[in-house]
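Asks: generate coordinates for the sequence data below:
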Amino acid sequence: MTAYRIKSVSLLGAAPTDLFLRDGVLVESGSGFETIDADGLVALPGLVDLHTHLREPGREDAETVETGSRAAAVGGYTAVCAMANTSPVADTAGVVEQVWRLGREAGLVDVQPIGAVTVGLAGRQLAELGAMATSAANVRIFSDDGSCVADPRLMRRALEYVKAFDGVIAQHAEEPRLTEGAQMHEGEVSTRLGLTGWPAVAEEAIIARDVLLAEHVGSRLHICHVSTAGSVEVLRQAKARGVRVTAEVTPHHLLLTDDLATSYDPVFKVNPPLRTQTDVLALRGALIEGVIDIVATDHAPHAVEDKECEWAYARPGMVGLETALPVVLSVFGERWELIAERMSRTPARIAGLAGHGPDLVVGAPANLTLVDPSARRVVEPSELASRGRNTPYAGMTLPGRIVATFLRGEPTVLDGKAVK
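Replies: This next block holds a predicted model:
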C-alpha cells in the first residue's frame with residue numbers, strides 16, 4: 001500500500017495544509033510518502049450517497065455494480081447505498097449479498113445494499129428483513145423505492161420490525177391512486193401541455209401518514225427524494241415534535257423545474273417529477289435549515305431505448321453521481337461545511353456506515369475527495385463513466401471538478417479519471 005502526502009490542500013476551505021495517508025488512515029507527517037500537489041484544491045470527507053440505482057442484477061445493459069461504482073468514485077463518492085429494485089429484487093439475503101460482493105470486487109467505493117421492504121416490491125408481504133439484516137451485507141436500510149409502501153398496516157409492521165435492530169424504512173412517498181397515468185407535475189405547465197399531472201399532495205399525504213406511524217411506533221423513517229414545498233412543512237412539524245424522521249433531496253430537484261417538460265425531452269422525466277420554482281426554493285431553504293437532512297442523487301441510469309422514445313413511454317430517471325457535487329456548488333456556492341454535512345457526514349450516519357463521513361483528522365479513515373473549485377466543466381454525456389447517458393445537464397457548464405478520490409488511503413480516481 002502506497003503512502004501519500006497531499007500537499008497544500010485546503011480542508012473545507014480553510015488555510016492550506018498537508019495531509020498524510022498511510023495504511024488506510026490519516027497519520028502525522030513522516031517519511032516515504034508519494035507527494036500529490038493539491039495547491040488550490042479543497043479536501044472533503046468522501047461523499048456518501050444514500051440513493052443509487054446500480055441495476056445489477058438484471059439490467060446490466062443500463063448499469064452494473066462496477067460501472068456505477070466507477071461513476072460514483074469519479075463523482076467524489078466513497079460509499080453508495082444500492083436500491084433494491086433490481087431483477088430479481090433485492091428482497092432476500094442471497095441477492096443483497098450478491099450486490100455487496102460485487103461492490104467489494106469492484107473496489108472503487110463501498111457498496112451498501114438496501115433491502116426491499118416487501119416481496120418483489122409488490123406491497124403485499126414483508127420481505128426477509130431479518131435475514132437481510134443478519135447477512136454478510138448487514139442491511140440496515142429497507143426501501144421499495146420506485147413503488148410506495150401504500151398499505152398503512154404493512155408500513156406500520158415494517159417500522160415495528162426494523163426497530164429491533166435500529167433499521168430504517170426509506171419511503172418512496174407517492175399515493176398511487178392519485179398518480180395513476182401521471183406524466184409530470186400537476187400544475188400550469190401540465191395543463192398547457194395536456195399531460196396527466198402528478199399532484200404534490202400525493203407525496204405530502206404519504207409523508208404525513210408515515211411520520212404519524214413512525215411517531216406512534218418510535219421507529220426510524222427516511223423520506224426519499226422530497227420534491228414539494230408542502231412536504232417541507234410536514235417534515236418541519238414532525239421534527240419539531242421529535243419524530244425520528246430524516247429526508248433527502250436530489251440535486252435535480254434543487255435546480256430544475258417543470259418548465260423543462262415543454263421540450264418533451266424524456267431526459268427530464270423523473271419520479272417524483274420536476275416541480276415549480278416555488279418548490280425548488282423551498283427545498284433549498286430546507287436543506288440549509290436542516291429540515292431536509294441530506295442530498296442524495298437518485299442516480300437512475302437507463303438503456304438508450306428506455307429514454308430515447310416518446311415522453312409517455314420513457315422510463316423516469318436521471319443519472320446523477322458524476323454531477324451531484326457540481327450541481328450543489330452551482331446552487332449554494334462554496335459552502336464547504338454545508339456540503340460536508342449534507343453529502344458525507346449525515347448520510348453516513350443515517351446508513352450506519354462506519355469509517356465514512358468523519359472529519360479529516362489524524363487517526364480517521366482516509367476516505368476523502370479533492371475538488372478544484374475554480375474549474376468549470378461542460379457536461380458531455382459521452383464522457384460519463386456511467387453506462388447511462390440520460391443526464392439532464394448535457395451541454396451545461398457546471399462549477400467544480402473532482403480531481404481525486406481516496407478509499408481507505410488508496411486512490412480510486414486521479415486527475416479526474418478512475419484508476420481501474
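
Asks: against residue 23, how distant is the residue sitting nearest the centre point of the chain?
Replies: By C-alpha atoms, centre = their mean, the chain has its centre lying nearest to residue 296, at 2.8 Å. To residue 23, residue 296 is 31 Å away according to C-beta to C-beta, to the nearest Å. C-beta: built from backbone N, CA, C; applies to glycine.

Asks: swap in residue 305?
Replies: According to C-beta to C-beta, residue 305 and residue 23 sit 47 Å apart.

Asks: can I take it that residue 21 is in a strand?
Replies: Yes - if the criterion is DSSP: H, G, I helix; E, B strand; the rest coil, then residue 21 is within a strand.

Asks: ok, now which ones touch it?
Replies: 3-6, 27, 33, 366, 406, 409 (C-beta atoms under 8 Å, 6 or more residues apart in numbering).

Asks: and what of residue 307?
Replies: 266-267, 314-315, 389-390.

Asks: surely residue 25 meets residue 368?
Replies: No - counting by C-beta atoms under 8 Å, residue 25 stays clear of residue 368, with 11.2 Å between them.

Asks: compare those two (neighbour count), which wins?
Replies: The residue with more neighbours, out of residue 25 and residue 368, is residue 368; 26 against 16, by other C-beta atoms under 10 Å.

Asks: any idea how far residue 16 is from that one?
Replies: Separation of residue 368 from residue 16 (C-beta to C-beta): 15 Å.

Asks: equivalent analysis for residue 132, please.
Replies: 45 Å.

Asks: which elements pack onto the longest helix along the chain?
Replies: Using DSSP state H to define each element, the chain has its longest helix at helix 200-217. Applying 3 or more C-beta pairs under 8 Å, 6 or more residues apart in numbering; DSSP states H and E, we find helix 200-217 packed against helix 152-163, strand 168-171, strand 220-223, helix 229-240.

Asks: residues touching the third one, excluding its own?
Replies: Contacts of strand 220-223 from elsewhere in the structure, counted by C-beta under 8 Å, 6+ apart, are 50, 141, 143, 159, 162-163, 166-171, 173, 207, 210-211, 213-214, 231, 235, 243-248, 350.

Asks: list the buried ones in that strand?
Replies: 220-223 (16 or more other C-beta atoms under 10 Å).

Asks: same check on the first one?
Replies: Neighbour-count burial for helix 152-163, with 16+ other C-beta under 10 Å as criterion, is recorded at 154-159, 161-163.

Asks: can you pull the contacts of residue 282?
Replies: Counting by C-beta under 8 Å, 6+ apart, residue 282 has contacts 228-229, 232.

Asks: just the buried subset of the residues you listed, please.
Replies: 228-229, 232.

Asks: nearest to residue 76 among the residues you listed?
Replies: residue 232 (26.6 Å; C-beta to C-beta).

Asks: ok, and the closest non-adjacent residue to the closest one?
Replies: residue 286 (4.4 Å; C-beta to C-beta, 6 or more residues apart in numbering).

Asks: turn the helices and strands packed on helix 200-217 into a markdown table, including distance to residue 301 and mean pLDDT.
Replies: Output for the helices and strands packed on helix 200-217, formatted as a markdown table (distance: least, C-beta to C-beta, whole Å; pLDDT from 0 to 100):
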| stretch | distance to residue 301 | mean pLDDT |
| --- | --- | --- |
| helix 152-163 | 28 | 98 |
| strand 168-171 | 20 | 98 |
| strand 220-223 | 22 | 98 |
| helix 229-240 | 26 | 98 |
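
Asks: so for residue 253, which of the ones you listed sits nearest?
Replies: Per C-beta to C-beta, nearest to residue 253 of the helices and strands packed on helix 200-217: helix 229-240, 10.5 Å.

Asks: okay, helices next: where are they in the stretch 251-400 of the chain?
Replies: All helices of the stretch 251-400 of the chain, identified by DSSP state H, counting those that start in this stretch, fall at 251-255, 277-289, 304-307, 324-332, 336-340, 346-351.

Asks: thanks a lot, see you next time.
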